[in-house]
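Visitor: Predicted structure and sequence below. I'll ask about it afterward.
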Amino acid sequence: MKKSLLAFALIALGFTCPVKAQFGSFGDIPIDIDAENFGGTGDFFSASGNVQISYGATTIYCDNAQYDPNTRDVLVSGNVRIYRDGNLITSERAVYNLETKEVFAADVKGESNAFKFAGDSMITLAGNAFTVKEGIFTTSDSAQPDWSLRSRKTRIYPKDRLVMNDVKLYIGNTPVFWFPYVWQSLNKENFYRFTPGYSSVWGTFLLNNYTFPISETMSGSLHLDLRSERGVAIGFDTEWEDGLKKQNWGRFKSYILDDANPGINETAARREPIDSGRYRVSLQARQYLTEDIYASIDITKLSDSLVMQDFYEGEFRLNPQPDNVGSITKLGDDYAVTGIVRGQLNDFFDATERLPELALDITRQPFFFKKLFYQGETSGGYYRRHFAENPLFEDYSATRLDTFHQWLYPDTYFGWLSVVPRMGVRGTWYSDSGYLEKTTETETVTLADGSTATLSNTYDRLVNQGSVFRPVFNAGFEASFKASKVFEDVQTRTWGLDGLRHVVQPYMNLSFVEAGEEGQQLLQFDRLNRSTQLPAIDFPDFNMIDSIDNWNILRLGMRNRLQTRRDNATINWLEMNTFFDINFERPDFGPFNPDGGSFSNLVNRIRWAPLTWVNLTLDCQLPLLDEGFTEVNTRFNFFVNQNLQINIGHRYLGGNILFQDSSLLDFGAYLRINDNWSFSVREQYEFTDSTLESQRYELHRDLSSWIASLGLVSRTSRRGNEEVNDYGVLLTFTLKDLPGVKIPLSFDPSGEGSSGSGKNR
């Protein structure tokens, strides 16, 4: 029969009532000790058989217990289990003080969040925290953990953090890294990744990346990379994010190495001499100062123009020329004021510097009359066009003031025809203007043999023409209407159709612009760049201020949508947008106009997503009405089943004077073999020169606490008639300390090199 050991404690204190009671001096929560058998000798009382000690959120189970009324200690032993706030700690013996509620245990084992641990001893701290000495921590379920952290002392704050001192990282039974201090959040992702491999541009390499939380809102990454052909590199990255909607964020990256072979080049482009001291430092951040004012910064300092290509290839492909800009923005209900400073910290890149610029954007809003709307933009600043070091072009600069105002009168006629006429004016003042002309300079030099020779150098020289004011008048209108028809009898589960509605929307957009100065005679800051796409013909969508020219363009198009019902919502089953331009007066954009006819290419954009596991996109331009070029971009994604995914893409470009002809096939697939194994492949083949440009094969293995990926990659490019090959082997181990890591992992030998996980903002 269960009795209360608390009764014996009460007797020792002078009480005689044999019932469960509350120790007033111990707090307001009663402490109960129940067992099957009780006994005692002298001042000590004992209990055995299914002993249970309860106090608040702490419950202790054991085989035996002894109580010392002098010290208020309860000594428990035999199959001890301590439950504290959902966490279980087991031990062979422990001491629980009824007055301080402190627990001291020896030879402990337990769990806290994703971690399992064991230690020589444990003692509780204030709140729910406790300290483990000589502890071993792991997320592995195996009796022989494949990895562990072993610390001299660890403070555990359940559901919050671990704080470790004198920590060693073990792979199996082998120590591989030592940390004097580790702060591990139990709410954030944390991992250690080491990547051995071989690359023709790096040699044999070992990349080490340890990511860890710094605070509740900040994480950090340490990099130690070893490359036999390039040397040792170190780096440190941080990321942070806070705010109610996490609108405040930032990331800092640094990387430095003494490159043993900076001249290694396995690309099609030739390389200039590069110093061995190479580095990258970058900072991107956004911070709200008030609810409607925020500041942004995006700066990158590089040692040379190729350091990103050599060691951050993943980022280099997305942004080969990083920006250097800072801004502060004030947001209003119908306006935004932005101050911008853009400079160029890297002299080997071209840039348009704004030193500074102030801009006011006014969104479309009612203007006096109910149906009349107004929108506008005004900006001013000092601008400098900076060309790369040792340029063939001369730098130029000017102060520019620009203001744009436009009025619109949208209305619906006959109950179905939408018409939006518009009219706008723009004025732009330049403190200096001019144009570039070819100039040849000669120089006489003395040769080693005493003879002389004449050298000539041709470059573009700026011809200044003084200040200028350019007025611009624009007008036009948009018109469109919609018609639809419903086909309720279209029902098929195979293609996900529950009824079908066809919506057709013909539209037209007439744009007329009359500019007071030829665009080519103005200094080009905000200018038109090379592109295969038709530029916008409306303001302010057309934002290349200095390239504005006279034009009279009619854009005709047709939108088609097939819609169906799914999950109590209307979805677009198929979308198609077809349009072309009629150039009554074609703008002169100089060398950036590959289509010189009166009619533009016929543009067709198709998005087809009949089911969640299959989708097709098709963007094409065809010269059906006039001279031009051909471009067809296709992408098809198909989930065959839960274990197989296939994606195929193709890009064809021909007859465009701005770009080289191309017919590039991109194929990728991912196969999940079973719960532990998967395989992925990606290949790119260029038909124009019969070159298999890229091959990538990866085998992935889930190792419980780790994910291992073995990959092979090969790239081929052409440098004139010479074929250049870049190849590598990569073995990646990623530690999973928290759930949610998925495969396949990305495989990019260059991109893996210390780029961190970063966010694209």
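Guide: Thanks, I have the structure now.
Visitor: Please make it C-alpha for all contacts and neighbour counts, starting now.
Guide: OK.
Visitor: Report how many residues lie close to the closest residue to residue 95 other than its chain neighbours.
Guide: In space, and not counting its chain neighbours, residue 95 is closest to residue 75: 4.5 Å by CA to CA, 6 or more residues apart in numbering. Neighbour count of residue 75, defined by other CA atoms under 10 Å: 19.
Visitor: quick one: pLDDT of residue 75?
Guide: If you check residue 75, the pLDDT there is 88.
Visitor: again with residue 463
Guide: 75.
Visitor: cool, and residue 93?
Guide: 87.
Visitor: List the buried residues for the strand or helix carrying it?
Guide: Taking DSSP states H and E as the definition, one finds residue 93 inside strand 87-97. Across strand 87-97, burial judged by 16 or more other CA atoms under 10 Å covers 89, 90, 91, 92, 93, 94, 95, 96, 97.
Visitor: Stretch 364-380 too?
Guide: 364, 372, 373, 374, 375, 376, 377, 378, 379, 380.
Visitor: Using the three-state scheme, assign the first one.
Guide: Here residue 364 takes the strand state, with states given by DSSP: H, G, I helix; E, B strand; the rest coil.
Visitor: where does the stretch 501-650 of the chain dip in pLDDT?
Guide: 518-520 (pLDDT under 70).
Visitor: what about the strands in it?
Guide: Secondary structure of the stretch 501-650 of the chain (DSSP state E, counting those that start in this stretch): strands at 551-566, 569-585, 602-611, 614-622, 630-641, 644-654.
Visitor: Residues in a beta bridge with the nearest residue to residue 48 once chain neighbours are set aside, which ones?
Guide: Once flanking residues are discounted, residue 48 sits nearest to residue 64: 4.4 Å by CA to CA, 6+ apart. For residue 64, the beta-bridge partners under DSSP bridges are residue 48, residue 77.
Visitor: before we move on, the earlier item: for the strand holding residue 93, name the packing helices and strands.
Guide: Strand 87-97 is packed against strand 73-84, strand 103-112, with contacts defined by 3 or more CA pairs under 8 Å, 6 or more residues apart in numbering; DSSP states H and E.
Visitor: How far away from the center of its chain is whatever helix or strand comes next after the last one?
Guide: So that's strand 103-112. Proceeding N to C from strand 103-112, the next assigned helix or strand is strand 115-124, under DSSP H and E. Offset of strand 115-124 from its chain centre (CA atoms, centre = their mean, to the nearest Å): 37 Å.
Visitor: returning to that earlier point: I figured the residue nearest to residue 48 hits residue 52, correct?
Guide: No - using CA atoms under 8 Å, residue 64 makes no contact with residue 52, being 9.6 Å away.
Visitor: Next, count neighbours for residue 452.
Guide: 11.
Visitor: wait, it sits on residue 443?
Guide: No - applying CA under 8 Å, one finds residue 452 not in contact with residue 443, separated by 10.2 Å.
Visitor: Overlap of the contact sets of the two?
Guide: Counting by CA atoms under 8 Å, 6 or more residues apart in numbering, residue 452 and residue 443 have no shared contacts at all.
Visitor: TSV for the helices and strands packed on strand 87-97, including distance to residue 354?
Guide: Putting the helices and strands packed on strand 87-97 into TSV (distance: least, CA to CA, whole Å) gives the following:
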stretch	distance to residue 354
strand 73-84	60
strand 103-112	53
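Visitor: so which of those strands comes closest to residue 635?
Guide: Among the helices and strands packed on strand 87-97, strand 103-112 comes nearest to residue 635, with 45.8 Å by CA to CA.
Visitor: Go ahead and name everything in contact with the closest one.
Guide: 87-97, 116-124, 158-159.
Visitor: repeat for stretch 462-482
Guide: Applying CA under 8 Å, 6+ apart, the contact partners of stretch 462-482 are 394, 396, 416-437, 503-517.
Visitor: Where does the prediction get shaky in the stretch 351-500 of the chain?
Guide: The model of the stretch 351-500 of the chain has pLDDT under 70 over residues 390-392, 436, 445, 447-449, 455-460.
Visitor: How about the stretch 151-300 of the chain?
Guide: Looking along the stretch 151-300 of the chain with the criterion set at pLDDT under 70, you get 159, 184-192, 243-245.
Visitor: Tell me how many other residues crowd residue 137.
Guide: Residue neighbour count, defined by other CA under 10 Å, stands at 22 for residue 137.
Visitor: and if you look at the one 10 residues further on?
Guide: A count of nearby residues for residue 147, using other CA under 10 Å, gives 22.
Visitor: Look up how far residue 177 lies from it.
Guide: Residue 147 is 12 Å from residue 177, where distance means CA to CA, to the nearest Å.
Visitor: Are there residues contacting both of the two? Which ones?
Guide: 169, 170.
Visitor: follow-up on the earlier one: so which of the buried residues of stretch 364-380 sit within strands?
Guide: 364, 372, 373, 374, 375, 376, 377, 378, 379, 380 (DSSP state E).
Visitor: wait, which of those is closest to residue 59?
Guide: For these, the nearest to residue 59 is residue 364 (65.1 Å; CA to CA).
Visitor: doesn't residue 374 make contact with the closest one?
Guide: Yes - using CA under 8 Å, residue 364 is in contact with residue 374, at 5.4 Å.
Visitor: Surely residue 54 touches residue 81?
Guide: No - the criterion here is CA under 8 Å, and residue 54 misses it with residue 81 at 12.0 Å.
Visitor: gap between the nearest residue to residue 133 once chain neighbours are set aside and residue 128?
Guide: Once flanking residues are discounted, residue 133 sits nearest to residue 153: 4.5 Å by CA to CA, 6+ apart. Separation of residue 153 from residue 128 (CA to CA) stands at 17 Å.
Visitor: Which one's more surrounded, those two?
Guide: Taking other CA under 10 Å, residue 153 and residue 128 do not tie; residue 153 has more neighbours (20 against 14).
Visitor: Quick check: the gap between that one and residue 241.
Guide: Residue 153 sits 30 Å away from residue 241, going by CA to CA.
Visitor: where exactly do the strands run in the stretch 201-350 of the chain?
Guide: Along the stretch 201-350 of the chain, counting by DSSP E, counting those that start in this stretch, strands occupy 203-213, 218-227, 231-242, 248-258, 277-288, 293-302, 325-331, 335-342.
Visitor: For residue 676, which of these is the nearest?
Guide: Closest to residue 676 of these, according to CA to CA: strand 203-213, at 23.9 Å.
Visitor: I'd like the distance from that closest one to the chain centre, please.
Guide: The chain centre lies 19 Å from the centre of strand 203-213; the measure is CA atoms, centre = their mean.
Visitor: and if you look at stretch 580-590?
Guide: Between the mean C-alpha point of stretch 580-590 and the mean C-alpha point of its chain there is a distance of 38 Å (CA atoms, centre = their mean).
Visitor: Next: stretch 212-219.
Guide: With CA atoms, centre = their mean, you get 18 Å for stretch 212-219.
Visitor: For residue 482, what are phi and psi?
Guide: phi -120, psi 140 (degrees, to the nearest 10).
Visitor: Give the burial count for it, as a bare number.
Guide: Neighbour number of residue 482 under other CA under 10 Å is 14.
Visitor: go on, residue 36?
Guide: Residue 36 has 15 nearby residues by other CA under 10 Å.
Visitor: Was I right to think it contacts residue 49?
Guide: Yes - between residue 36 and residue 49 there is a contact at 5.2 Å, judged by CA under 8 Å.
Visitor: can you give me the angle the host helix or strand of residue 486 makes with strand 551-566?
Guide: Counting by DSSP H and E, the element that carries residue 486 is strand 483-492. Here the directions of strand 483-492 and strand 551-566 differ by 40 degrees (axes from the mean of the first three to the mean of the last three CA atoms, to 10 degrees).
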